[in-house]
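Asker: quick one: sequence and predicted model below, then my questions.
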Amino acid sequence: MNVHVDQAGRDASARRSKALAPTCRGLNYYSVDRGLRDLLPHYMEVPLLAHLAPHLEELGELAGGRLHDLSDQAERHQPVLHPRDGYGRDEEWVEYHPAYREMESIAFGRFGMHAMCNRPGVMGWPSKMPPIAKYVFHYLFAQAEFGLLCPVNLTDSSSELVRRFGTDELRQRYLERMWSQDPATLLKCAQFMTEKAGGSDVGAAELTAVRDGEHWKLWGEKWFCSNVDAELSVLLARPEGAVVGGRGLGLFLMPKVLPDGRRNSYRILRLKDKLGSRTMASGEIVFEGAVAYQLGELDQGLKHMLVMVNSSRVSHLARAAGMMRRCLNEAMVAARHRNAFGRAVIDHPLMRRQLLKLMVPTEQALSALLYSATASDKVLRLLTPIAKYRACRDNVTVATGAMEARGGNGYIEDWPNARLIRDAHLGLIWEGTSNINALDAVQRAVGKARGHEALRDALGRDLENAAGIPGQFRTRLSGALADAIRFAEEVAADPANERFCRIAAGKLYHATTAALLASEGTRLGQGGGDARRLLLSRFVLEHRLADHASTSLKAQSWEGEAIDLLLGDTPVSMQQAVALVQG
């Protein structure tokens, strides 16, 4: 009798469990991404896209399957620092779970994400690929695994520093192995910038470089070292006798193992117990005369390092865009497969509006990413900091909204949302905090480099070429862009206006992405495709650029039909989109 009761109880529990909404596990993250698949033909050359499509399909399937599971395992089995080897020698080493090593083989080995823009032959492509290729792979990979993308990006961008600023001897010794897809020969890279004396204030760094013949020796500490046990590291240090501040910093390359096979003279003191990005080892290092090689001119180190920083900021944009897509997908799956009060959660009007508030920043970030990956250097000077600033902040909001859409389970570590929230916050810190990126955008990119002029002209041409945008709505878009640029110029004109830099950077991002969404949606719609991005541009104007939410219900009557179209699976026609952006 008890056996029968116990089995009946288990059966009832299993039946009740079916009421819980599933996760995105098992989806192909490329196949389900309508926005990405629609836009790639407009941003990537047709032959390259045709070649990469099966590889993107493969990564999309891995991200929703094997890579998803490996990332969860690596999250539960974090790196461990061993300060000595078995013989008692002070040769510390970091132990990684096999799941992390398998993820490395996927990123570095199978797809060559660190090498595809640096040498020919990756995935069978006969030449170097353009930046958009790697950022699309970053975008998909980030939907399953965030932490490993740091070593991938640092290996890629560090090799560019060696290529640009290294001697012929350094390039010959290291570059081929930095671009290898063979784990036996690959030299993974790191960057060590942060010190106790200064995080964002890099010019306060105290690590000292002492000339020793043809190379240098390093003495001091670094406080936050990502990919701490990498085979190579690029870092900033102050040569003895150099001036204080950023102008006194030189850029150096430091190997873990010297050419004669000896371990270099630095120690990993401990690993950081981080809120997020737990799969990847970050730590603290003390330098005890470590050998390093000069890269470029000694008084240009900080300027040289910014080559890496700017590339890394676009990588962070890719990660934020990808993670927002994962969060949106999780929210949609939860809302479609969970019932409340007699109907599916997605059928409740308030939830439908909240899902749109997750969708809008997600699609903004995708447009910003693809545009950044193909833009000119003059446009990127402003676009990079505003996009990194705003998309990384939006990532936190979207991740939190997706947790709320799932409800209580979203707060539990068995489900993906808690980790997505933890990882999202790191984008606010790495490669400059929100304040640093906003200051860079407004005070330097606008105030000194006049980057807003190049961005204004480029977006103006895009809007002009998108002939199907209704005239009145085009005027609204142009006016929003002009207003954002005017405000940024005013803020940049006087240091006393510094407190408005974040507002100015945000307005520039929203005006830029509204214009991009409108031109993209129009091109797609006029070609017989999905014009939903034109509709999304109106949401950006009214939800993200307006100073205050409208309290006129009549003025917002268009939203109901627009939300129904955007949450539906049917493509939005150009006629439908035009009618709603004019209404």
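Answerer: That came through, no problem. Everything numeric in this text was worked out from a predicted model, so none of it was measured. Numbering: from 1, shown residues only.
Asker: right, and residue 536 touches residue 357 too?
Answerer: No - counting by CB atoms under 8 Å, residue 536 sits too far from residue 357 to count as a contact (11.7 Å). Backbone N, C-alpha and C define where each C-beta goes, glycine included.
Asker: so for those two, which residue has more residues nearby?
Answerer: residue 536 (28 against 15; other CB atoms under 10 Å).
Asker: for that one, helix, strand, or coil?
Answerer: helix (DSSP: H, G, I helix; E, B strand; the rest coil).
Asker: contacting residues for it?
Answerer: Residues in contact with residue 536, defined by CB atoms under 8 Å, 6 or more residues apart in numbering, are 359-360, 363-364, 517, 521, 566.
Asker: nearest to residue 202 among these?
Answerer: Nearest to residue 202 among those, counting by CB to CB, is residue 364 at 29.6 Å.
Asker: state the helix or strand in which the closest one lies.
Answerer: Using DSSP states H and E, residue 364 sits within helix 349-374.
Asker: do the same with residue 472
Answerer: Mapping residue 472 onto the secondary structure by DSSP H and E places it in helix 471-492.
Asker: tell me what that helix is packed against?
Answerer: Where contact means 3 or more CB pairs under 8 Å, 6 or more residues apart in numbering; DSSP states H and E, helix 471-492 is packed against helix 451-465, helix 501-526, helix 574-582.
Asker: comparing these, which comes out most buried?
Answerer: Per-stretch averages of neighbours, counted by mean count of other CB atoms under 10 Å, single out helix 501-526 among the helices and strands packed on helix 471-492, with a mean of 26.
Asker: tell me what angle it forms with helix 574-582.
Answerer: Between the axes of helix 501-526 and helix 574-582, defined by axes from the mean of the first three to the mean of the last three CA atoms, to 10 degrees, the angle is 150 degrees.
Asker: tilt between helix 501-526 and helix 471-492?
Answerer: Relative orientation of helix 501-526 versus helix 471-492 (the same axes, to 10 degrees): 160 degrees.
Asker: residue 49: what's it in contact with?
Answerer: By CB under 8 Å, 6+ apart, the contact set of residue 49 is 40-41.
Asker: got the phi and psi for it?
Answerer: phi -60, psi -40 (degrees, to the nearest 10).
Asker: test my guess that residue 302 contacts residue 236.
Answerer: Yes - using CB under 8 Å, residue 302 is in contact with residue 236, at 6.5 Å.
Asker: need the residues touching each of the two.
Answerer: Here residue 302 and residue 236 share the contacting residues 202, 249, 251, scored by CB under 8 Å, 6+ apart.
Asker: CSV for these, including neighbour count, pLDDT and secondary structure?
Answerer: Listed next are the shared contacts of residue 302 and residue 236 as CSV, based on neighbours: other CB atoms under 10 Å; pLDDT from 0 to 100; DSSP: H, G, I helix; E, B strand; the rest coil:
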residue, neighbour count, pLDDT, secondary structure
202, 22, 79, helix
249, 29, 95, coil
251, 26, 96, strand
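Asker: what angle sits between whichever helix or strand comes after the helix holding residue 364 and helix 451-465?
Answerer: Using DSSP H and E, the helix or strand that directly follows helix 349-374 along the chain is helix 377-406. Computed with the same axes, to 10 degrees, the direction of helix 377-406 lies at 80 degrees from that of helix 451-465.
Asker: buried stuff in helix 377-406?
Answerer: By neighbour count, and taking 16 or more other CB atoms under 10 Å as the criterion, the buried residues in helix 377-406 are 378-396, 398-406.
Asker: also stretch 527-547?
Answerer: 529-545.
Asker: next step: the residues you listed restricted to helices.
Answerer: Assigned to helices by DSSP state H, the following of those qualify: 532-539.
Asker: end-to-end on stretch 546-554?
Answerer: Using CA to CA, to the nearest Å, one end of stretch 546-554 lies 17 Å from the other.
Asker: scratch that, stretch 290-301
Answerer: This stretch, stretch 290-301, spans 18 Å end to end (CA to CA).
Asker: neighbour count: residue 302 and residue 236, which is higher?
Answerer: Taking other CB under 10 Å, residue 302 and residue 236 do not tie; residue 236 has more neighbours (25 against 20).
Asker: the more buried one belongs to a strand?
Answerer: Yes - per three-state DSSP, residue 236 lies within a strand segment.
Asker: now the closest residue to it other than its chain neighbours: phi and psi?
Answerer: Nearest residue to residue 236, sequence neighbours excluded (CB to CB, 6 or more residues apart in numbering): residue 249, at 4.6 Å. Dihedral angles phi and psi of residue 249 (degrees, to the nearest 10) take the values phi -90, psi 140.
Asker: mind listing what residue 249 touches?
Answerer: The contact partners of residue 249, by CB under 8 Å, 6+ apart, come to 202-203, 205, 236-238, 242, 301-302.
Asker: got CSV for these, with distance to residue 162 too?
Answerer: Output for the contacts of residue 249, formatted as CSV (distance: CB to CB, whole Å):
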residue, distance to residue 162
202, 20
203, 24
205, 21
236, 15
237, 16
238, 21
242, 22
301, 14
302, 17
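Asker: determine which two of those are furthest apart.
Answerer: Spatial extent of these (CB to CB) is set by the pair 202 and 242 at 14.0 Å.
Asker: can you mark which positions in stretch 285-292 are buried?
Answerer: Buried residues in stretch 285-292, counted by 16+ other CB under 10 Å: 285, 287, 290-292.
Asker: also stretch 466-474?
Answerer: For stretch 466-474, the neighbour count (16+ other CB under 10 Å) marks 466, 468-470, 473-474 as buried.
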